[in-house]
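[1] here is my input, please return the structure:
(chains A and B)
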Amino acid sequence: MTMLVLEDVHTHYGKIEALHGVSVEVKRGEIVSLIGANGAGKTTLLMTVCGAPQATSGRIILEGRDITREPTAQIMRSGLAIVPEGRRIFSGLTVEENLHMGGFFNTKSEIRQSQAYVYELFPRLKEREQQRAGTMSGGEQQMLAIGRALMSRPNMIILDEPSLGLAPLIIKQIFEIIGHLRDEGITVFLVEQNAHQALHLADRGYVLETGKIRLHDTGKNLLKNPDVQNAYLGG
Amino acid sequence: MASNNYRHAVFCAIVTLIISFPILGLNLEAQGVNITLTGAKTSTIVAIFLAAGAVFVFQAFRDSFSGLLGKLPKLNPLADKEPMEQSKRVKLESWILTGIVVLALFWPFVVSRGSVDLATLVLIYIMLALGLNVVVGLAGLLDLGYVAFYAVGAYTFALLSQYTGISFWMALPLGALLAGTFGLLLGFPVLRLRGDYLAIVTLGFGEIIRILLNNWTSLTGGPNGIGGIPEPTLFGMEFGRRVKGEGNTSFHETFGIAYSGEHKVIFLYLIALVLAVITALIIRRFMRMPVGRAWEALREDEIAARSLGLSRTAVKLSAFTIGAFFAGFAGTVFASKQGFISPESFVFLESAIILAIVVLGGMGSQLGVILAAIAVTILPELAREFSEYRMLIFGAAMVLMMVWRPQGLLPMRRIHIKLNRQE
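    Now for the predicted structure:
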């Protein structure tokens, strides 16, 4: 049962090739972590999955459907949700309105249900319901970004650096929630610089280096791998 | 700090002298065929030096002045007030809008003909500003060529009436639709552009339309414009002294009243009023619909909006099309009001004024935009007594306004949408 497959994907920015033939597989119901240094192409890989920019060659298959050439809007409406890097919540809108934007293409009753579900997951957001999202702390904003992505009831959620700029305690909470999402049957594709925690949580992991997959193994094995330890876990 | 202030003040005073002395202090006078340079009267020279002195004093003690201003909270009594509750605010805003409309309904019957004419122009600007407000205020796309769509609407009516003898009521939807189509067409190439780049391309588009109208002499008459555009009729009744259209009757004969030129002016005004109200209501509706939220989402954060599955293409094109549609509306009314149009009415300055209305009113706020449209159109008329200084006063008023309230007259407060919980 595969959720998402990337087969030998190449992506270009103009004439510069950013991904040199990347193959990744995410199975249904697992957490897969992608780690790599700055500029390795992690975000490019995610954006390619979302179709912006589109892959120049190779194939991307989401739940058995080839989405390589589909426009972004269509991909994002088909059971896939992304929490973009740097949260990107609508700071002028209230928490509730942000969540409603997440369920833009759903019916009112669906929105009502998913909203209740998100509040259950993040009771903090319920407290802040009518507050302007931009006035909240970084951790709360990250919760909101995840909550907003969950509003469309995705089968798979992609998280781009959810720990960016957050306090260790908050990071721990966020990762707990991510583990909880898997228990609920949502497939998680996690892109992180915070390799230790990401691999700890993940069922499997990939290491991306300058646009190529260098290693791929279970999360536990990668944590023990001396190369990974040297390069990403501080020896 | 203090010495720095003085140095700055001296500099400002000298600049004042340099600027004002050649303009006011030296006069060119025609003596026969020759032009001679003469000095101005002593009083003018004294005035120039007094002005420089005033500039010096103001600049030197600027800090204390602004300190004093800060101690005057009564200047703007609403500044520190808590924002009103949403339900109250929405109610108040609808009451004010209804009040303005009711007042506007009775307006033409109590004031002079010139005022009604001016008020019609205000209404046309309100329509334009409400339309541009969708593009700039809500969708956040800086459009400097908005006047092009206004021109498309006006010329659609003018050309169709010239070549096919179409009536105002037929031309109204056609002009708006054609302007909307142009909005859609312009939307495609500029989809990927944002901010400054978008502004420049739309600016270019506005000029293209104007230059095309100016040079395509065989079709549009070029700079000579198109005249004889018919006035609107009321169920086949014309407002002129003599009936021009076939099968039409005249208004004053049908009702057995004496002919008066005012009927026509008032009728046009009322049409503009109805159309402006319709424009406001439709756009208000759009703002609360998903498409309105999509515009705002795209303005706030394009990447986030796209990550939620919103199509950038659809959202931007809809904003451009709807904005252009109402400009076409306004253009048709304008052509009918003037009876004559030429490319000169659709210069860049018009775009700039409409944009100024939107910014002055507070981006996105309907009531604010309406008030600003009234202010911006009427202010230059009120200042007419000052003749050549009237644009100067207008400019100064705008600068003061932006210093006093950079966010606009009535900045948009978003309507927070709540979902009723089901028990």
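[2] helix/strand/coil for residue 162?
    In the absence of a named chain, chain A is used. coil (DSSP: H, G, I helix; E, B strand; the rest coil).
[3] tell me, how many residues neighbour it?
    Using other CB atoms under 10 Å in any protein chain shown, residue A:162 is surrounded by 24 other residues. Placement of C-beta: from N, CA and C, glycine included.
[4] doesn't residue A:178 make contact with it?
    Yes: when contacts are counted by CB atoms under 8 Å, residue A:162 is listed as touching residue A:178 (7.3 Å).
[5] for the stretch 151-300 of chain B, which spans come out with low pLDDT?
    Judged against pLDDT under 70, the low-scoring parts of the stretch 151-300 of chain B cover residues B:236, B:241-247.
[6] picking up where we left off before, okay, and the common contacts of residue A:162 and residue A:178?
    Contact criterion CB atoms under 8 Å, 6 or more residues apart in numbering or on different chains; residues shared by residue A:162 and residue A:178: residue A:190.
[7] what about dumping the CA coordinates of the helix ranked longest in chain A to PDB?
    Secondary structure assigned by DSSP state H gives helix A:168-183 as the longest helix of chain A. C-alpha atoms of helix A:168-183 as PDB (Å, rounded to 0.1, in the frame of the first residue of the first chain):
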ATOM      1  CA  PRO A 168      12.400  22.700  22.600                       C
ATOM      2  CA  LEU A 169       9.400  22.200  24.800                       C
ATOM      3  CA  ILE A 170       7.100  23.300  22.000                       C
ATOM      4  CA  ILE A 171       9.000  21.100  19.500                       C
ATOM      5  CA  LYS A 172       8.300  18.200  21.700                       C
ATOM      6  CA  GLN A 173       4.600  18.900  21.800                       C
ATOM      7  CA  ILE A 174       4.500  19.300  18.000                       C
ATOM      8  CA  PHE A 175       6.200  16.000  17.500                       C
ATOM      9  CA  GLU A 176       3.900  14.300  19.900                       C
ATOM     10  CA  ILE A 177       1.000  15.600  17.800                       C
ATOM     11  CA  ILE A 178       2.600  14.300  14.600                       C
ATOM     12  CA  GLY A 179       2.900  10.800  16.200                       C
ATOM     13  CA  HIS A 180      -0.700  11.100  17.200                       C
ATOM     14  CA  LEU A 181      -1.700  11.900  13.600                       C
ATOM     15  CA  ARG A 182      -0.100   8.700  12.400                       C
ATOM     16  CA  ASP A 183      -2.100   6.800  15.100                       C
END
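[8] relative to residue B:366, how far out is the residue positioned nearest the centre of chain B?
    The residue lying closest to the centre of chain B (CA atoms, centre = their mean) is residue B:354, at 2.9 Å. With distances taken as CB to CB, to the nearest Å, residue B:354 is found 15 Å from residue B:366.
[9] phi, psi of the residue in the stretch 151-300 of chain B positioned nearest to chain A?
    Closest contact between the stretch 151-300 of chain B and chain A, by CB to the nearest CB, is at residue B:300 (4.6 Å). Here is the backbone geometry of residue B:300 (degrees, to the nearest 10): phi -70, psi -40.
[10] which bits of chain A sit near chain B?
    For chain A, the residues in contact with chain B (CB under 8 Å from any CB of the partner chain) are A:50, A:52, A:71-74, A:76-77, A:81-82, A:84, A:88-94, A:96-97, A:100-102, A:104-105, A:108-109, A:111-112, A:115, A:130, A:148-149, A:152.
[11] try 7 Å this time
    Counting by CB under 7 Å from any CB of the partner chain, the residues of chain A lying close to chain B are A:52, A:72-73, A:76-77, A:82, A:84, A:88-90, A:92, A:94, A:96-97, A:100-102, A:104-105, A:108, A:111-112, A:130.
[12] who's in contact with residue 26?
    This is for chain A. Residues in contact with residue A:26, defined by CB atoms under 7 Å, 6 or more residues apart in numbering or on different chains, are A:3-4, A:32, A:187, A:189.
[13] could you do chain B instead?
    By CB under 7 Å, 6+ apart, residue B:26 lies in contact with B:37, B:39-40.
[14] what about the strands in chain A?
    Using DSSP state E, the strands of chain A run over A:2-13, A:16-27, A:31-36, A:57-62, A:65-66, A:80-83, A:156-160, A:187-192, A:204-209, A:212-218.
[15] for those strands, could you give me a markdown table that also reports mean pLDDT?
    Shown next, in a markdown table, are the strands of chain A (pLDDT from 0 to 100):
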| stretch | mean pLDDT |
| --- | --- |
| strand A:2-13 | 94 |
| strand A:16-27 | 94 |
| strand A:31-36 | 93 |
| strand A:57-62 | 94 |
| strand A:65-66 | 94 |
| strand A:80-83 | 94 |
| strand A:156-160 | 95 |
| strand A:187-192 | 94 |
| strand A:204-209 | 93 |
| strand A:212-218 | 92 |
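[16] of all these, which one comes closest to residue B:176?
    Ranking the strands of chain A by their distance to residue B:176 (criterion: CB to CB) puts strand A:80-83 first, at 38.8 Å.
[17] quick revisit: restricted to helices, list the residues of chain A next to chain B.
    Residues from those lying in helices, with DSSP H as the criterion: A:72-73, A:76, A:96-97, A:100-102, A:108, A:111-112.
[18] wait, which of these is closest to residue B:159?
    Lowest distance from residue B:159 to those (CB to CB) belongs to residue A:73, with 38.2 Å.
[19] that closest one contacts residue B:307, correct?
    No: Residue A:73 is not in contact with residue B:307 according to CB atoms under 7 Å; the separation is 10.1 Å.
[20] higher neighbour count, the two?
    More neighbours surround residue B:307 than the other of residue A:73 and residue B:307, with 26 against 21 (other CB under 10 Å).
[21] how about the more buried one, what does it touch?
    Contact analysis of residue B:307 by CB under 7 Å, 6+ apart lists A:76, A:82, A:84.
[22] with residue B:48 instead?
    Neighbouring residues of residue B:48 by CB under 7 Å, 6+ apart: B:17, B:20-21, B:24-25.
[23] chain neighbours aside, what residue packs nearest to it?
    residue B:20 (5.2 Å; CB to CB, 6 or more residues apart in numbering or on different chains).
[24] tell me the contacts of residue B:51?
    Shown in contact with residue B:51 (CB under 7 Å, 6+ apart): B:16, B:20.
[25] helices of the stretch 201-350 of chain B, start to end?
    For the stretch 201-350 of chain B, applying DSSP state H, counting those that start in this stretch gives helices covering B:217-220, B:251-254, B:261-288, B:290-300, B:302-307, B:312-338, B:348-361.
[26] and the last one with helix B:312-338, angle?
    It stands for helix B:348-361. Counting by axes from the mean of the first three to the mean of the last three CA atoms, to 10 degrees, helix B:348-361 lies at 110 degrees to helix B:312-338.
[27] got the contact list for helix B:348-361?
    With contact meaning CB under 7 Å, 6+ apart, helix B:348-361 is reached by B:125, B:128-129, B:132-133, B:136-137, B:144-147, B:206-207, B:368-369, B:371-373, B:376, B:398, B:401, B:408-410.
[28] what residue ranges in chain A score low on pLDDT?
    Applying pLDDT under 70 to chain A picks out residues A:235.
[29] so where's the stretch 1-150 of chain B uncertain?
    Low-confidence segments of the stretch 1-150 of chain B (pLDDT under 70): B:1-3, B:69-86.
[30] now the helices for it?
    Using DSSP H, counting those that start in this stretch, the helices found in the stretch 1-150 of chain B span residues B:2-20, B:42-60, B:62-70, B:86-110, B:113-132, B:147-164.
[31] nearest to residue A:28, out of those helices?
    Nearest to residue A:28, of the helices of the stretch 1-150 of chain B and by CB to CB, is helix B:86-110 at 43.6 Å.
[32] so how far is that closest one off the chain centroid?
    Counting by CA atoms, centre = their mean, to the nearest Å, helix B:86-110 is centred 20 Å from the centre of its parent chain.
[33] can I get stretch A:53-62 in CSV, CA atoms only?
    What follows is stretch A:53-62, C-alpha atoms only, in CSV (Å, rounded to 0.1, in the frame of the first residue of the first chain):
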residue,chain,number,x,y,z
PRO,A,53,7.8,23.9,-9.8
GLN,A,54,6.8,20.8,-11.8
ALA,A,55,9.3,18.0,-12.2
THR,A,56,11.1,18.1,-15.5
SER,A,57,11.3,14.3,-15.7
GLY,A,58,10.4,11.3,-13.6
ARG,A,59,7.0,10.5,-12.2
ILE,A,60,5.1,11.4,-9.0
ILE,A,61,2.3,9.1,-8.0
LEU,A,62,-0.2,9.9,-5.3
